[in-house]
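>>> Requesting a structural model of the entry that follows:
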Amino acid sequence: MNSHSNRAMVKADLISRLHDALLIQILSLIPLPDAQRTRILSKRWKNLWALLPILHLVMPFCWTAEEINRFHDLVDQALDLPGNIPIQRFYLYCSKNCSYDRVSGWLRKVVQCKVQELELRFPADRFAFRLCWDLFKTCTTLVKSDLRCPVLEELFVERQLLNGLFDNMDTFEVISTSLKTLRISFALCVNENLRVAISAPNLEYLRVLDFMSSHYSLTKPSALTEAHINVEQAYPGPQIVRCLTSVKILTLNHRTLMSLSQFYGVYIPKFPKVVKFVIEIKASSGWRVLLVLLNKMPNLEDITFSDGFYPGTHARALNESWNPPAEVPACLRCKMKEIIIDNQETVSPEQFELIRYLLNSADKLESLTMNARTINTKMREQVLNLYRSSKSCRIQFV
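This is a model prediction of the structure:
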């Protein structure tokens, strides 16, 4: 009996004598509550669980206030580390009765601990939780975040440059079957390697303002009806646009058009449902892409040039880049009802010819509206006197 006890003690001592790093790695393989219980084994084990770089916290369904407070205290103890020991990964699953004020405090703590990966999950019966991204603006170590809520319908994410500091996030991922509205604003950050992945099959509305991401992965949402895309780099434009075939309303800015101009022969799909199209053109390549897009939108009824036809100082570039096609796009000839030209300073001779082409080609056009602010009386009269293929077309200056 004594011999058996001695052998057990020797084995226990051998384990306890292992290096801290190895013991912590062992503890990281078991649930946190079990790891926490090892503190009663001996003085050697008392504080090891608190050094875990990976915190995996799952709140069970709690019937009593005592059970709720027990979980809250467990998280407090796990994060009450001297010297803000770095946290590699923080996973938190909250049940219905979790104190969401405490959650905000925990997030502030993990940011102070230089968290690298963050994953939050909320229950289906929790309808609202405000996650303030300001918490993470000063976190230069976060490389991956994952927020999951089974009833989430609307999400707005904005990242900004703060005090000249850049963040190190390399992946932003959205996974939701309930999400209907998604707005992304990554306009003031600089990180050419950010990857964005969106899996939201029931998405209905998408707005992207992104000057930093180099790659987009978008699961094609069949319910998507409206999309507004403004991206800076070359690849995200085609990667997003090719997944928008179900939309009825589409906006593309000039940067997105420039990215499409590099790949439009392969990447631009058909948009059979688009009836309203808003386009911003600031480069000659935009006009070439426009012709391709018009031939991909057979049911287009309303087109808006959000920044006029082209800056007046580049009228020659317009003349060089706009070549009327041999065949009028079907949507312009048979479907187009309204053309709006916004922010047009005046009308140059080259732009006048483009207006003539549109009026002469659109058989069903009902109105052409311009807000040319400095157009002279003579040019105004020339535009008003242009031939219109549609006898019911009205020309308006506003």
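>>> what's around I198, how many residues?
Residues contacting I198 under the criterion other Cβ atoms under 10 Å number 22. Using the backbone N, CA and C atoms, a C-beta is placed for each residue, glycine as well.
>>> Which secondary structure element is home to it?
Using DSSP states H and E, I198 maps to strand 194-199.
>>> That strand: what's the following helix or strand?
Assignment by DSSP H and E places the next element after strand 194-199 at strand 205-210.
>>> picking that back up, buried residues of the strand holding I198, list them for me.
Going by neighbour count (16 or more other Cβ atoms under 10 Å), the buried part of strand 194-199 is L194, V196, I198.
>>> Quick check: mean pLDDT of it?
When pLDDT is averaged along strand 194-199, the result is 88.
>>> now swap in stretch 170-185 and tell me
Averaging pLDDT along stretch 170-185 yields 87.
>>> tally of neighbours for S42?
Neighbours of S42 (other Cβ under 10 Å): 11.
>>> what do you get for M212?
For M212, using other Cβ under 10 Å, the count is 22.
>>> and the gap between A78 and W63?
Using Cβ to Cβ, to the nearest Å, A78 is found at 23 Å from W63.
>>> what about the protein, any weak spots by pLDDT?
Judged by pLDDT under 70, the chain has its weakly predicted residues at 1-13, 32, 47, 50-51, 81-84, 123-149, 160-169, 188-192, 263-267, 310-322.
>>> Regarding the residue most central in space within it, what are the backbone dihedral angles?
With distances taken as Cα atoms, centre = their mean, I184 lies nearest the centre of the chain, 3.7 Å away. Per-residue torsions, I184: phi -120, psi 130 (degrees, to the nearest 10).
>>> just K276 next, same as before
phi -130, psi 130.
>>> I'd say W106 and Q77 touch.
No. W106 is not in contact with Q77 according to Cβ atoms under 8 Å; the separation is 11.6 Å.
>>> Settle it for me: which of those two has more neighbours?
More neighbours surround W106 than the other of W106 and Q77, with 21 against 13 (other Cβ under 10 Å).
>>> ok so, going back, looking at A78 and W63, which is more packed in?
Each of A78 and W63 has its neighbours counted (other Cβ under 10 Å); A78 has more, 22 against 9.
>>> which non-adjacent residue is nearest the more buried one?
Leaving aside its chain neighbours, A78 sits nearest to L55 (5.6 Å; criterion: Cβ to Cβ, 6 or more residues apart in numbering).
>>> so which helix or strand takes in the one you found?
Applying DSSP H and E as the criterion places L55 in strand 54-58.
>>> Can you spell out which helices and strands pack onto that strand?
The contact analysis (3 or more Cβ pairs under 8 Å, 6 or more residues apart in numbering; DSSP states H and E) places strand 54-58 against helix 32-37, helix 65-79, strand 89-93.
>>> how does the chain divide into domains?
Split into domains by automatic domain parsing, the chain comes to 53-151, 153-239, 270-398.
>>> among the ones you listed, which is nearest H254?
Nearest of the domains of the chain to H254, taken as Cβ to Cβ: domain 270-398 at 4.0 Å.
>>> so how far is the first residue of that closest one from its last?
Start-to-end span of domain 270-398 (Cα to Cα, to the nearest Å) is 33 Å.
>>> Kindly report the same for stretch 243-251.
Across stretch 243-251, first to last residue, Cα to Cα, it's 14 Å.
>>> and it, which residues are buried?
By 16+ other Cβ under 10 Å, the buried positions in stretch 243-251 come out as C243, L244, T245, S246, V247, I249, L250, T251.
>>> could those residues be laid out in JSON lines, adding distance to M212?
Formatted as JSON lines, those follow (distance: Cβ to Cβ, whole Å):
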{"residue": "C243", "distance to M212": "20"}
{"residue": "L244", "distance to M212": "21"}
{"residue": "T245", "distance to M212": "26"}
{"residue": "S246", "distance to M212": "27"}
{"residue": "V247", "distance to M212": "24"}
{"residue": "I249", "distance to M212": "25"}
{"residue": "L250", "distance to M212": "23"}
{"residue": "T251", "distance to M212": "20"}
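>>> Kindly reformat those residues as CSV containing secondary structure and distance to R39.
Formatted as CSV, these follow (DSSP: H, G, I helix; E, B strand; the rest coil; distance: Cβ to Cβ, whole Å):
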residue, secondary structure, distance to R39
C243, coil, 51
L244, coil, 54
T245, coil, 57
S246, coil, 55
V247, coil, 56
I249, strand, 59
L250, strand, 59
T251, strand, 57
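>>> quick check, nearest of those to I375?
Checking the buried residues of stretch 243-251 one by one against I375 (Cβ to Cβ), the nearest turns out to be T251, at 25.7 Å.
>>> Quick check: that closest one touching V241?
No. Applying Cβ under 8 Å, one finds T251 not in contact with V241, separated by 11.3 Å.
>>> Overlap in contacts, those two.
Taking Cβ atoms under 8 Å, 6 or more residues apart in numbering as the criterion, T251 and V241 both touch I229.
>>> still on that earlier bit, residues of the strand holding L55 that come out buried?
I54, L55, H56, L57.
>>> Show me what that strand is in contact with.
With contact meaning Cβ under 8 Å, 6+ apart, strand 54-58 is reached by 28, 31-32, 74-75, 78-79, 87-93, 110.
>>> quick one: strands adjacent to that strand?
Neighbouring strands of strand 54-58 in its sheet, by DSSP bridges, are strand 89-93 (parallel).
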